[in-house]
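In: Prediction below, plus the sequence it came from.
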Amino acid sequence: MNLPQSDDIYNEFGGVGNQYENIVSARCSFAYDVCNELVIDAIVEKRRSCEKEIAVEHLSALDPGKDILVFDRGYPSQWLVGILMKKGFKFCFRLSTAWKEAYSQFDKSENDIDWTMVHRAHKGLDKLKKHGVPVQIDGLRLVSIELISGEKEVLLTNLTDRDKYSVDNLKCLYNLRWGIEECYKTFKKVLNIEHFSGKTALSIYQDFHARTIMLNISSMIRRQCFEEKRQTKNKIQINKTQAIAKTKDFLFDIFYGQNIKLYLKQMLHILKDRIDIVRPFRAFIRQDASSRRRLKVLVYRGI
């Protein structure tokens with residue numbers, strides 16, 4: 001997340017530089033409820049902070065008895081898996097191709113196996129000792145899923161009950177993770193999080209958490225059921241950008257008005273015709289990253 005140029009902000013968050021300029025930036029992280037589209041916990045940290053360490057900070061806001069945690073390829077590590085196991089969390093990681101030992105477990109006939117994670121290198125031993133994680137962790141499961149692009153996706157999980165969690169269930173579970181990508185996109189492109197109101201570290205924290213609250217309020221309003229039944233071929237939902245725009249228009253009335261229910265009904269009446277069609281399981285072949293860097297097209301307009 002890019003930040004304004006000032007000494008106070010740079011001292012608080014740091015940044016990166018090249019031969020032309022120094023860019024002040026920070027790392028932000030959400031613990032996101034993909035089913036209800038709500039940010040449960042939001043953290044903004046220094047640019048060079050570790051996303052895995054931030055994930056551990058999120059755990060205090062989560063419930064190991066109810067929550068299943070889904071992680072992308074940047075998060076898997078033995079010490080993080082050990083912490084989650086010790087705290088009683090259920091989880092599902094996608095492994096990158098750098099996990100060669102895990103990928104080598106599969107042959108052409110198998111796509112679902114039990115696995116024991118064993119630490120075989122000196123790198124990372126300090127993390128294991130710091131968090132009290134053993135060098136061998138049992139009770140894990142590896143699942144291989146073939147994507148439409150032909151790429152093989154390997155999931156690491158402790159959901160070992162195959163009657164309750166089939167391969168198709170785990171595939172759908174990991175597919176839900178795309179909701180957090182949509183959340184970040186909305187946060188940056190629609191809420192314009194990088195357009196801050198001040199040039200102090202305090203203003204960064206204030207704007208970050210204020211817009212997180214705005215995002216949650218608009219999600220709660222948007223997910224309200226339609227008052228009227230609609231005969232449609234596809235499932236529909238209120239457009240996210242329109243919901244945020246109307247939340248911004250009604251925000252003062254929601255917080256300080258005398259009749260909140262009336263204002264919410266007025267908002268839903270306006271939004272009921274501003275809808276999108278829900279298209280589940282859509283997938284597109286990922287473009288080459290280098291071509292995206294060469295050609296950047298702005299297709300989103302903030303509110």
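Out: Now that the structure is in, tell me what you want to look at.
In: Poorly predicted segments of the stretch 51-200 of the chain, please.
Out: For the stretch 51-200 of the chain, the stretches flagged by pLDDT under 70 are 108-109.
In: I'd guessed residue 170 sits against residue 90; true?
Out: No - the pair residue 170 and residue 90 fails to qualify as a contact (Cβ atoms under 8 Å) at a distance of 11.4 Å. Any C-beta I mention is one placed from the backbone N, CA and C, and that applies to glycine too.
In: where do the contact lists of those two overlap?
Out: In terms of Cβ atoms under 8 Å, 6 or more residues apart in numbering, residue 170 and residue 90 are both contacted by the residues 157, 159.
In: Longest strand in this protein, by number of residues?
Out: Longest among the strand segments of the chain by residue count, using DSSP state E, is strand 136-146.
In: so where do the helices sit in the stretch 201-303 of the chain?
Out: Across the stretch 201-303 of the chain, reading from the start of the chain, the helices by DSSP state H, counting those that start in this stretch fall at 201-222, 240-256, 260-271, 289-294.
In: For residue 83, which of these is the nearest?
Out: Distances from residue 83 to each of the helices of the stretch 201-303 of the chain were compared using Cβ to Cβ; the minimum, 24.9 Å, belongs to helix 201-222.
In: by contact count, what packs against that closest one?
Out: Where contact means 3 or more Cβ pairs under 8 Å, 6 or more residues apart in numbering; DSSP states H and E, helix 201-222 is packed against helix 7-13, strand 26-33, strand 38-46, helix 240-256, helix 260-271.
In: Not counting it itself, show me its contacts.
Out: With Cβ under 8 Å, 6+ apart, helix 201-222 has contacts from 3, 8-9, 11-13, 26, 28, 30, 36-39, 42, 44, 183, 186-187, 191, 193, 196-198, 237-238, 240, 243-244, 246-248, 251, 254, 264, 267-268, 271.
In: what comes up buried for it?
Out: Across helix 201-222, burial judged by 16 or more other Cβ atoms under 10 Å covers 201, 203-204, 207-208, 211-212, 214-219, 221-222.
In: Averaged pLDDT, that helix. What do you get?
Out: Helix 201-222 shows an average pLDDT of 94 in the prediction.
In: next one: that helix to chain centre, how far?
Out: On the basis of Cα atoms, centre = their mean, to the nearest Å, helix 201-222 is displaced by 16 Å from the centre of the chain it belongs to.
In: That one vs helix 260-271, what angle?
Out: Orientation check (axes from the mean of the first three to the mean of the last three Cα atoms, to 10 degrees): helix 201-222 against helix 260-271 gives 80 degrees.
In: So which residues make contact with stretch 115-122?
Out: Looking at what lies outside stretch 115-122 - Cβ under 8 Å, 6+ apart - the contacts are 78, 81, 101-102, 105, 125, 128, 135-138, 140-142, 156.
In: For the nearest residue to residue 276 once chain neighbours are set aside, list the residues it contacts.
Out: In space, and not counting its chain neighbours, residue 276 is closest to residue 239: 5.1 Å by Cβ to Cβ, 6 or more residues apart in numbering. The contact partners of residue 239, taken as Cβ under 8 Å, 6+ apart, are 271, 274, 275, 276.
In: Could you rerun that using 7 Å?
Out: For residue 239, the residues meeting the contact criterion (Cβ atoms under 7 Å, 6 or more residues apart in numbering) are 274, 275, 276.
In: I'd like the residues you listed as JSON lines, with distance to residue 20 appended.
Out: As requested, those are arranged in JSON lines below (distance: Cβ to Cβ, whole Å):
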{"residue": "274", "distance to residue 20": "43"}
{"residue": "275", "distance to residue 20": "45"}
{"residue": "276", "distance to residue 20": "40"}
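In: Between these, which sits nearest residue 175?
Out: For residue 175, the closest of those turns out to be residue 276, at 18.5 Å, with distances computed as Cβ to Cβ.
In: The closest one reaches residue 237, doesn't it?
Out: Yes - proximity of residue 276 to residue 237 meets the contact threshold set by Cβ atoms under 7 Å, at 5.7 Å.
In: coming back round to it: buried among the contacts of stretch 115-122? Make that a ChimeraX selection.
Out: Applying 16+ other Cβ under 10 Å to these leaves a buried subset, and the ChimeraX line that selects it is:
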select :78,81,102,128,137,140,141,142,156
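In: For the contacts of stretch 115-122, work out which two are farthest apart.
Out: Using Cβ to Cβ, these reach their maximum pairwise distance at 125 and 141, which is 24.9 Å.
In: where does residue 183 sit relative to residue 248, distance-wise?
Out: Noted for residue 183: a distance of 17 Å to residue 248, by Cβ to Cβ, to the nearest Å.
In: More neighbours: those two, which one.
Out: When residue 183 and residue 248 are compared for neighbours, residue 183 comes out ahead with 21 against 14, by other Cβ atoms under 10 Å.
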